[in-house]
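Peer 1: Return atomic coordinates for the entry below.
(chains A and B)
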Amino acid sequence: MPVNTYEGLFILDPNEYARDPAAVVGEVEKLFQQHGAELLVSRLWEERKLAYPIKKHTKGVYWLTYFRVDGSKMSELNREARLNERFLRHMFIKIDPRIADHLVALARGEVPPEEAPTGPELPETQEATAAEEEA
Amino acid sequence: MAKRRKPTYRAKKKDPLLVDGKRPRPLYVDYKDVEFLSRFINRQAKIIGRRKSGCSAVSQRAIARAIKRARIMALLPFVPES
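Peer 2: Below you'll find the predicted structure:
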């Protein structure tokens, strides 16, 4: 199976995270290491109130990751993430290769966030503005 | 013969995902953008229809998918708090 870029968002147990952040984050990184995934970004996204309680927690720590891994490893990754009790929930999403670099840069904070709230800048739109200038 | 009601015309709503009048390709709606997505749910936390959102079929699907992902990650509610 081909190697793809994925986005992984984890909701970490807030109590465990408050007690020992390094240990919980280490758990996330260990998960990827074990499966030979190349971690591109791994950072705190937000600490926020959950829209509904999960395992009686009303708050969650959202940890955002981007990684590259062979597609055949995904089922195994999913399984292990679900078994880990320190993660309340997680979601892996395959990222279109055409916007992967952009999103990774965005997550690293290299691009100002207002530049791409919903979709990235694309050559098509640049052509459109060029045509307007000519008119 | 029954009286025919005068047709009323309403200005067509604009697709909220267009950038400079064009649809970005590949179209990607970030499910983490809660502020943007919350514009497409009503008070019962339901996804609002195309008639109201003004979306094209493609963008409506993309938004619906993003909302469903956001719900799974507890960013948006399945049911509103009482």
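Peer 1: can you give me the strands in chain A?
Peer 2: Assigned by DSSP state E, chain A shows strands spanning A:3-12, A:38-54, A:57-70, A:87-95.
Peer 1: okay, the angle between the longest helix along chain B and strand A:38-54?
Peer 2: Ranked by number of residues, the top helix in chain B under DSSP state H is helix B:57-72. For helix B:57-72 against strand A:38-54, the angle between stretch directions is 70 degrees (axes from the mean of the first three to the mean of the last three CA atoms, to 10 degrees).
Peer 1: buried set for helix B:57-72?
Peer 2: Neighbour-count burial for helix B:57-72, counted by 16 or more other CB atoms under 10 Å in any protein chain shown, picks out B:59, B:60, B:62, B:63, B:64, B:66, B:67, B:69, B:70, B:71. Placement of C-beta: from N, CA and C, glycine included.
Peer 1: Give the rounded mean pLDDT of that helix.
Peer 2: Helix B:57-72 comes out with an average pLDDT of 93.
Peer 1: Extract the CA atoms of that helix and return them as PDB.
Peer 2: Extracted in PDB, the C-alpha atoms of helix B:57-72 (Å, rounded to 0.1, in the frame of the first residue of the first chain):
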ATOM      1  CA  ALA B  57     -24.200  19.800  -3.800                       C
ATOM      2  CA  VAL B  58     -20.400  19.300  -3.600                       C
ATOM      3  CA  SER B  59     -19.900  21.900  -0.800                       C
ATOM      4  CA  GLN B  60     -22.900  20.700   1.100                       C
ATOM      5  CA  ARG B  61     -21.500  17.200   1.200                       C
ATOM      6  CA  ALA B  62     -18.100  18.500   2.300                       C
ATOM      7  CA  ILE B  63     -19.600  20.500   5.100                       C
ATOM      8  CA  ALA B  64     -21.900  17.700   6.200                       C
ATOM      9  CA  ARG B  65     -18.900  15.400   6.400                       C
ATOM     10  CA  ALA B  66     -16.900  17.900   8.400                       C
ATOM     11  CA  ILE B  67     -19.800  18.500  10.800                       C
ATOM     12  CA  LYS B  68     -20.100  14.700  11.400                       C
ATOM     13  CA  ARG B  69     -16.400  14.400  12.100                       C
ATOM     14  CA  ALA B  70     -16.500  17.400  14.500                       C
ATOM     15  CA  ARG B  71     -19.400  15.700  16.300                       C
ATOM     16  CA  ILE B  72     -17.400  12.500  16.700                       C
END
